[in-house]
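In: Build me a structure from this.
(chains A and B)
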Amino acid sequence: MTSSNVPAISARAVRKSFGEHVVLDGVDLSVAEGTIFSLLGPNGAGKTTMVRILSTLIRADAGEVRVGGHDVAKDPDAVRALIGVTGQFSAVDNYLTGAENLQLMADLRHFGRDAGRRRVAELLERFELSDAAAKPLSTYSGGMRRRLDLAMTLVGDPRVIFLDEPTSGLDPRNRRTMWQIIRELATDGVTVFLTTQYLEEADRLADQIAVVDRGQIVAEGTPAELKRRISGGHIELHFSDVNDLRAAASLFDNAAPDLDQLTLQVPDNGGVASLRQVLADLDNARVEIEKLSIHTPDLDDVFFAVTGRTSSKADAQEALKR
Amino acid sequence: MSSLTFTVADSRTMLRRNLKHQLRYPSLTLMLAGMPVVFLLLFVFVFGGQLGSGLGGSSVPHANRSAYLAYVVPGILAMTVASAALGTAISVATDMTGGIIDRFRTMAIARAAVLTGHVIGSLLQTLAVLVVVVGVAVGLGFRSTASPLAWLGVAAVLGFFAFALIWLSTALGLVAKSVETASNTPMFLTLLPFLSSGFVPTNTLPIGLREFAEYQPFTPVIQTVRALLTGDPLGNHAIVAVAWSAGIALVSYLWSVRLYNRRRAATVS
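Out: Alright, predicted model coming up:
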């Protein structure tokens, strides 16, 4: 097994191309045992490919990848014995019931008969699937399927878990449940590697975030470190009159007026106090605003901060290249 | 546990999964059994009276029909094997295009287990379907003087041939990009019995077709089954049938394993 000095996951100079298309272009990363690591990036950035390489599904063209100290290319079975993977697309058996799916995993992990049954019952309970245990998967909701998917990953008590966009397509309630489960895993000492498109998700869960763009890591750090580099949070003020806009623009430092739209963007840290201050300043100057909206930093802002482009633009460029 | 014990345990788990699929969704099995049964009814009741007279039969249509029934059953049984193999391609392709196969691949499972589960599951399914078809034939009046040992021989020859076609169908299921393709490509297998000694004696066929019928793998299988059921001399049919089955099984097995291992590398993100 691993000693605490060895990172749970390490990758050095990983490259992968599919034909002409370079998907990973020299990726380095290191994840300490028992932490949550988030790979953050837009569609097509190479996140899924990275997960597939780390989880032994495909081989890198170049570079060295180790999970739990084992080389994924040379000793994939040792890696497989340590890991659990929940991919982007549901990896459940649609012809079996929820309990049978979990039992299948227990059998493949070579649990004994009784130990297997206990583990299945325990996971059904923990993931709130006991009532639906004997029902076919066709009756499961999207959130239930995702929970079952993760429960199946956990049957063998993996020490390292890969989650590829675990909450995409989930409603807010199910997303919260999923976040709670992921936090509990880390509390139990499991190393979690998760990919996401949402800064909020990475922010809430991860100890360490790496931003990936066009197959390269463009920024890395703790959520706090990354957010310090973002200047995207702002309050957007809408005016009905261009004179009000001009008056307001003179009140704030670094405000960005848009004369066509009659809007003004005021930099903001997202706190209630600063919002109150902005409104008070406007009141004191007797400037009328039509409405306002609050814009919290998102992936686009991180992207803009580290690459000077927006991620949607990056997507469009990727699309044109194909 | 040794690696062999793991392989056996994992293959059994996969077999159980496969049989559960079959039991829960019996429509596929019924469809596979339906085709040979329909052809049996068609050939006996519609064509049987006329075709039976060509076997050197009597002037009584009923006698001709039962003579033809006795003649056609081995051909129908071979067709049953081909039809059942179709199901393997469909279930393998369904597995390969679903998300669960990636889960299996990230687990320390004996590599052979997934395919072994499919092949043995399909073999048991084929044997069950064969029993149903024989039952229908007996219901229509088919009688054989064969001893239990000869019946065992029939089961063995058809079972080994089924094993070969199932591996072939597994490869076709792996090579297919979609379930739709996988359900079409093995169709040619169900046509081959018509171009064999299954429905008419090969010496009634025109030159060219006759040679094809005599040298293609279904004919020795059908001739072996026919000889065992009627008590006629076996000749070298059994040896040729076993050789064909072994050859098809070996080539298809190697092809399947190659395809299965290569998919790992070829999967695009």
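
In: Which positions in stretch B:221-238 come out as buried?
Out: Residues of stretch B:221-238 classed as buried by neighbour count (16 or more other CB atoms under 10 Å in any protein chain shown): B:221, B:222, B:223, B:224, B:225, B:226, B:227, B:228, B:229, B:237, B:238. Every C-beta, even on glycine, is put in place using the N, C-alpha and C of the backbone.

In: for stretch B:190-203, same thing?
Out: Buried residues in stretch B:190-203, counted by 16+ other CB under 10 Å: B:190, B:192, B:193, B:195, B:196, B:197, B:198, B:199, B:200, B:202.

In: start to end distance for it?
Out: For stretch B:190-203, the first and last residues are 22 Å from each other (CA to CA, to the nearest Å).

In: Quick one: distance of that stretch to the chain centre.
Out: Centroid separation for stretch B:190-203 versus its chain: 15 Å, with CA atoms, centre = their mean, to the nearest Å.

In: again with stretch A:104-111
Out: That offset, for stretch A:104-111, works out to 29 Å (CA atoms, centre = their mean).

In: what comes into contact with it?
Out: A:93, A:96, A:115-117, A:119-120, A:152, A:155-156, B:1, B:6, B:9-10, B:13, B:16-17, B:104, B:107, B:109 (CB atoms under 8 Å, 6 or more residues apart in numbering or on different chains).

In: which parts of the stretch 51-200 of chain B sit against chain A?
Out: Within the stretch 51-200 of chain B, the positions lying close to chain A (CB under 8 Å from any CB of the partner chain) are B:98, B:99, B:100, B:102, B:103, B:104, B:105, B:106, B:107, B:108, B:109.

In: circling back: would JSON lines of the buried residues of stretch B:221-238 with secondary structure, pLDDT and distance to chain A be doable?
Out: Compiled in JSON lines, the buried residues of stretch B:221-238 are given as follows (DSSP: H, G, I helix; E, B strand; the rest coil; pLDDT from 0 to 100; distance: CB to the nearest CB, whole Å):
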{"residue": "B:221", "secondary structure": "helix", "pLDDT": "96", "distance to chain A": "32"}
{"residue": "B:222", "secondary structure": "helix", "pLDDT": "96", "distance to chain A": "35"}
{"residue": "B:223", "secondary structure": "helix", "pLDDT": "94", "distance to chain A": "39"}
{"residue": "B:224", "secondary structure": "helix", "pLDDT": "95", "distance to chain A": "36"}
{"residue": "B:225", "secondary structure": "helix", "pLDDT": "95", "distance to chain A": "34"}
{"residue": "B:226", "secondary structure": "helix", "pLDDT": "94", "distance to chain A": "38"}
{"residue": "B:227", "secondary structure": "helix", "pLDDT": "93", "distance to chain A": "41"}
{"residue": "B:228", "secondary structure": "helix", "pLDDT": "94", "distance to chain A": "37"}
{"residue": "B:229", "secondary structure": "helix", "pLDDT": "92", "distance to chain A": "37"}
{"residue": "B:237", "secondary structure": "helix", "pLDDT": "91", "distance to chain A": "40"}
{"residue": "B:238", "secondary structure": "helix", "pLDDT": "92", "distance to chain A": "39"}
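
In: By neighbours, which of the residues of the stretch 51-200 of chain B next to chain A wins?
Out: residue B:103 (27 neighbours; other CB atoms under 10 Å in any protein chain shown).

In: Touching, it and residue A:93? I think so.
Out: No - look at residue B:103 against residue A:93 with CB atoms under 8 Å: they stay out of range, at 9.1 Å.

In: where along the stretch 1-150 of chain A do the strands fall?
Out: With strands called from DSSP state E, counting those that start in this stretch, the stretch 1-150 of chain A shows them at A:9-18, A:21-31, A:36-40, A:62-67, A:70-71, A:83-86.

In: Of all those, which one comes closest to chain B?
Out: Judged by CB to the nearest CB, the one of the strands of the stretch 1-150 of chain A that comes nearest to chain B is strand A:83-86, at 4.4 Å.

In: neighbouring contacts of the closest one?
Out: Strand A:83-86 has contacts (CB under 8 Å, 6+ apart) with A:51, A:55-57, A:67-68, A:91, A:149-150, A:153-154, A:156, A:158-164, A:166, B:102-103, B:106.

In: Can you give me the buried ones in it?
Out: For strand A:83-86, the neighbour count (16+ other CB under 10 Å) marks A:83, A:84, A:85, A:86 as buried.

In: Repeat that for stretch B:202-216.
Out: Buried residues in stretch B:202-216 (16+ other CB under 10 Å): B:202, B:205, B:213, B:216.

In: With stretch B:126-144 instead?
Out: Judged by neighbour count using 16+ other CB under 10 Å, the buried positions of stretch B:126-144 are B:126, B:129, B:130, B:132, B:133, B:134, B:136, B:137, B:140, B:142, B:144.

In: got those as a markdown table, with pLDDT columns?
Out: Below are the buried residues of stretch B:126-144 laid out as a markdown table (pLDDT from 0 to 100):
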| residue | pLDDT |
| --- | --- |
| B:126 | 96 |
| B:129 | 95 |
| B:130 | 96 |
| B:132 | 94 |
| B:133 | 96 |
| B:134 | 95 |
| B:136 | 95 |
| B:137 | 95 |
| B:140 | 92 |
| B:142 | 91 |
| B:144 | 88 |
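
In: Output those as a markdown table; include the columns secondary structure and distance to residue A:22.
Out: Listed next are the buried residues of stretch B:126-144 as a markdown table, based on DSSP: H, G, I helix; E, B strand; the rest coil; distance: CB to CB, whole Å:
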| residue | secondary structure | distance to residue A:22 |
| --- | --- | --- |
| B:126 | helix | 47 |
| B:129 | helix | 50 |
| B:130 | helix | 53 |
| B:132 | helix | 55 |
| B:133 | helix | 56 |
| B:134 | helix | 59 |
| B:136 | helix | 60 |
| B:137 | helix | 62 |
| B:140 | coil | 65 |
| B:142 | coil | 65 |
| B:144 | coil | 67 |
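
In: Looking at these, point me to the pair that's furthest apart.
Out: Between any two of the buried residues of stretch B:126-144, the greatest separation by CB to CB is 21.1 Å, found for B:126 and B:140.

In: Could you pull out the strands in the stretch 201-322 of chain A for me?
Out: So, for the stretch 201-322 of chain A - with DSSP E, counting those that start in this stretch - the strands run A:208-213, A:216-221, A:234-238, A:256-258, A:263-267, A:291-295.

In: TSV please, covering those and showing mean neighbour count.
Out: Listed next are the strands of the stretch 201-322 of chain A as TSV, based on neighbours: other CB atoms under 10 Å in any protein chain shown:
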stretch	mean neighbour count
strand A:208-213	23
strand A:216-221	18
strand A:234-238	20
strand A:256-258	15
strand A:263-267	20
strand A:291-295	12
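
In: give me the number of residues near residue A:272?
Out: By the criterion of other CB under 10 Å, residue A:272 has 7 neighbours.

In: so how far is chain B from it?
Out: Distance of residue A:272 to chain B, given as CB to the nearest CB, to the nearest Å: 42 Å.

In: from the chain's centre, how far out does stretch A:227-245 sit?
Out: Computed by CA atoms, centre = their mean, the chain-centroid distance of stretch A:227-245 equals 28 Å.

In: Need the CA coordinates for that stretch. CSV is fine.
Out: Extracted in CSV, the C-alpha atoms of stretch A:227-245 (Å, rounded to 0.1, in the frame of the first residue of the first chain):
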residue,chain,number,x,y,z
LYS,A,227,-10.4,33.1,-6.6
ARG,A,228,-7.8,35.7,-5.7
ARG,A,229,-6.8,35.7,-9.4
ILE,A,230,-10.4,36.3,-10.5
SER,A,231,-11.8,39.8,-10.9
GLY,A,232,-15.0,38.7,-12.4
GLY,A,233,-17.4,39.3,-9.5
HIS,A,234,-19.5,42.4,-10.0
ILE,A,235,-22.8,44.1,-9.6
GLU,A,236,-24.4,45.1,-12.8
LEU,A,237,-26.5,48.3,-12.6
HIS,A,238,-29.1,49.1,-15.2
PHE,A,239,-30.2,52.7,-15.9
SER,A,240,-33.0,54.3,-17.8
ASP,A,241,-31.1,57.5,-18.4
VAL,A,242,-27.6,58.1,-19.7
ASN,A,243,-27.0,60.9,-17.3
ASP,A,244,-27.7,58.6,-14.3
LEU,A,245,-25.2,56.2,-15.8
